[in-house]
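A.B. asks: Quick one: sequence plus predicted model below, questions after.
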Amino acid sequence: MAQLAPVWTQIPARLDRLPWSRFHVLLVAALGITWILDGLEVTIVGSIGPVLQSPHTLGLTATSIGAAASFYVIGAVIGALGFGWIADRFGRRMVFFTTLAVYLVGVLLSACSWNFVSFAIFRAITGLGIGGEYSAINSAIDELIPAKHRGRVDLIVNGSFWIGAAAGSGASLIFLNPHLFGQNVGWRLGFAVGGALGLVILMLRRLVPESPRWLVTHGRGDEAEAVMAQIEQHVAASGGAALAPVEGAMLIHPRKVFGFGLILKSLWRDHRGRGLLVLVLMAAQAFLFNAVYFTFGVALTRFEGASETTVGAFLLPLAIGNFMGPLLLGRLFDTVGRKTMIAGTFAVSGLLVIVQSVLFGMGLLTAVTQTGAWMVIFFFASAAASSAYLTASEVFPLEMRGMAIAVFYAAGTAVGGVMAPSLYGALIETGSRWMLTGGYLLAAALMLVAALTELRLGVDAEGRPLESIARPLSETGQTDR
């Protein structure tokens with residue numbers, strides 16, 4: 001496809017020089033809900049897992065609960081790939097609404113499940129929507145947040161998964177209370193929480209604009225200027241002061257479409273090392289989190305004698321620890337630096353998992369102390385996991401950002417997320433602490449490998465404009481030939 005005439009643009013510089021404002025708060029609230037919804041889904045399923053094994057509900061086994069979790073992740077992988085391609089080709093904004101609508105359909109259908117097959121299919125549909133959200137929304141947030149705030153905002157937004165997890169834990173304590181709801185009713189109402197939250201955010205997203213960076217590189221310069229002017233007006237009005245002067249412009253070669261061949265060629269030729277880095281980071285964190293969270297409730301009831309209806313009480317402190325990690329450590333990713341903090345959080349997490357695993361295998365932990373141990377581990381591991389998504393969203397060119405996030409999320413999740421719940425479900429079924437300990441040690445090893453990979457291949461991206469981290473394909477004037 002023929003390129004359009006080259007144009008000079010200051011839009012990246014205009015976005016990066018903006019002070020923090022109410023506009024950015026709105027952006028984070030409207031788009032960051034994705035991770036809250038995902039956390040809500042994962043935690044509710046983890047909490048209701050023991051209840052779903054009752055013959056009065058769906059009569060599932062630990063293995064089938066893990067399998068249903070894998071269906072959710074498979075759906076997320078497919079959704080990320082499909083909607084990632086759409087986000088790069090047709091824009092970020094359209095995907096905001098479509099993926100959230102798919103999620104709403106899936107979560108409401110999940111509440112109507114009648115057996116394992118229906119539950120697994122509806123969980124896959126829910127995952128389809130959540131996976132699609134990841135690629136488009138990570139792209140949009142990075143492209144709209146000023147460079148000096150990008151690291152901490154990304155970590156906090158990704159860490160907001162655990163706000164959803166905390167909400168899921170609290171909701172499970174209410175809906176699984178036999179004095180309030182029947183056993184076959186309460187777990188269904190738990191899914192309605194996500195549906196209600198999704199409907200509210202669907203309305204809020206009407207206020208979020210298309211990415212001006214995406215518009216200008218796809219030949220829609222007039223729209224990009226109009227959106228950029230509107231953003232600047234909102235920021236100036238909320239700040240009450242004149243904006244700083246714009247410094248720097250770049251020459252780009254817009255295209256209506258950046259072909260898949262061009263994206264693959266750029267990824268293979270120019271970004272292989274970065275691709276390997278993101279794959280390792282994504283796989284390691286996905287394996288740890290999916291392994292533990294999708295089976296945590298079953299593990300506590302099977303090995304530690306916890307009550308089925310109080311599992312949410314143990315998940316709640318884990319969720320709090322997970323959110324506090326990105327919240328308190330996020331600033332350091334912009335000041336101390338990406339490589340040091342990413343490698344450090346992955347390494348500390350892996351070492352702590354080893355200690356916890358040995359203590360668990362020896363039977364030295366109770367439900368309370370095991371929860372405390374995971375709370376400390378996930379304080380660091382949550383920051384590490386969020387930094388994997390941050391890395392994926394900022395080290396590739398703009399024109400392939402959505403697809404790159406999708407590809408590496410899909411690949412990392414396929415390696416670490418699809419396999420982990422089923423594997424750990426099977427390990428729990430053996431009834432052996434040491435078999436499950438072996439699974440935990442495998443997760444620890446992957447986290448340590450990720451730390452070493454970051455030290456070798458990591459990118460010093462703190463405070464830098466996206467265009468200096470990875471030159472846009474439109475700036476280089478690359479073609480499919």
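C.D. replies: Received, thanks.
A.B. asks: in the stretch 1-150 of the chain, which spans are strands?
C.D. replies: Using DSSP state E, counting those that start in this stretch, the strands of the stretch 1-150 of the chain run over residues 7-9.
A.B. asks: isn't residue 363 right up against residue 433?
C.D. replies: Yes. At 6.3 Å, residue 363 counts as touching residue 433 under the criterion of C-beta atoms under 8 Å. Any C-beta I mention is one placed from the backbone N, CA and C, and that applies to glycine too.
A.B. asks: which of those two has more neighbours?
C.D. replies: residue 433 (19 against 11; other C-beta atoms under 10 Å).
A.B. asks: what about the closest residue to that one other than its chain neighbours, distance to residue 299?
C.D. replies: Nearest residue to residue 433, sequence neighbours excluded (C-beta to C-beta, 6 or more residues apart in numbering): residue 361, at 5.2 Å. Noted for residue 361: a distance of 13 Å to residue 299, by C-beta to C-beta, to the nearest Å.
A.B. asks: neighbour-wise, which of those two wins?
C.D. replies: Using other C-beta under 10 Å as the criterion, residue 361 and residue 299 rank with residue 299 on top: 24 against 18.
A.B. asks: What strand or helix carries the more buried one?
C.D. replies: For residue 299, the host element (DSSP states H and E) is helix 296-303.
A.B. asks: Outside of that helix itself, list whatever touches it.
C.D. replies: 46-50, 62, 65, 306-308, 311, 314-315, 318, 367, 370-371, 374, 425, 428, 431, 433, 436 (C-beta atoms under 8 Å, 6 or more residues apart in numbering).
A.B. asks: In helices, which of those fall?
C.D. replies: Per DSSP state H, helices hold the following members of these: 46-50, 62, 65, 311, 314-315, 318, 367, 370-371, 374, 425, 428, 433, 436.
A.B. asks: chain center to the helix holding residue 299, what's the gap?
C.D. replies: 25 Å (C-alpha atoms, centre = their mean, to the nearest Å).
A.B. asks: Pull out the buried positions in it.
C.D. replies: For helix 296-303, burial by neighbour count (16 or more other C-beta atoms under 10 Å) applies to 296-303.
A.B. asks: sorry, back to before: you'd agree the residue nearest to residue 433 is up against residue 437?
C.D. replies: Yes. At 3.6 Å, residue 361 counts as touching residue 437 under the criterion of C-beta under 8 Å.
A.B. asks: ranges for the helices of the stretch 51-200 of the chain?
C.D. replies: 62-90, 92-110, 116-144, 150-159, 161-175, 183-204 (DSSP state H, counting those that start in this stretch).
A.B. asks: how about those helices, which one is nearest residue 472?
C.D. replies: Closest to residue 472 of the helices of the stretch 51-200 of the chain is helix 116-144 (C-beta to C-beta; 11.0 Å).
A.B. asks: now the angle from the closest one to helix 62-90?
C.D. replies: 40 degrees (axes from the mean of the first three to the mean of the last three C-alpha atoms, to 10 degrees).
A.B. asks: Which elements pack onto helix 116-144?
C.D. replies: Helix 116-144 sits against helix 22-31, helix 33-52, helix 62-90, helix 92-110, helix 150-159, helix 212-217, helix 367-394, helix 401-413, with contacts defined as 3 or more C-beta pairs under 8 Å, 6 or more residues apart in numbering; DSSP states H and E.
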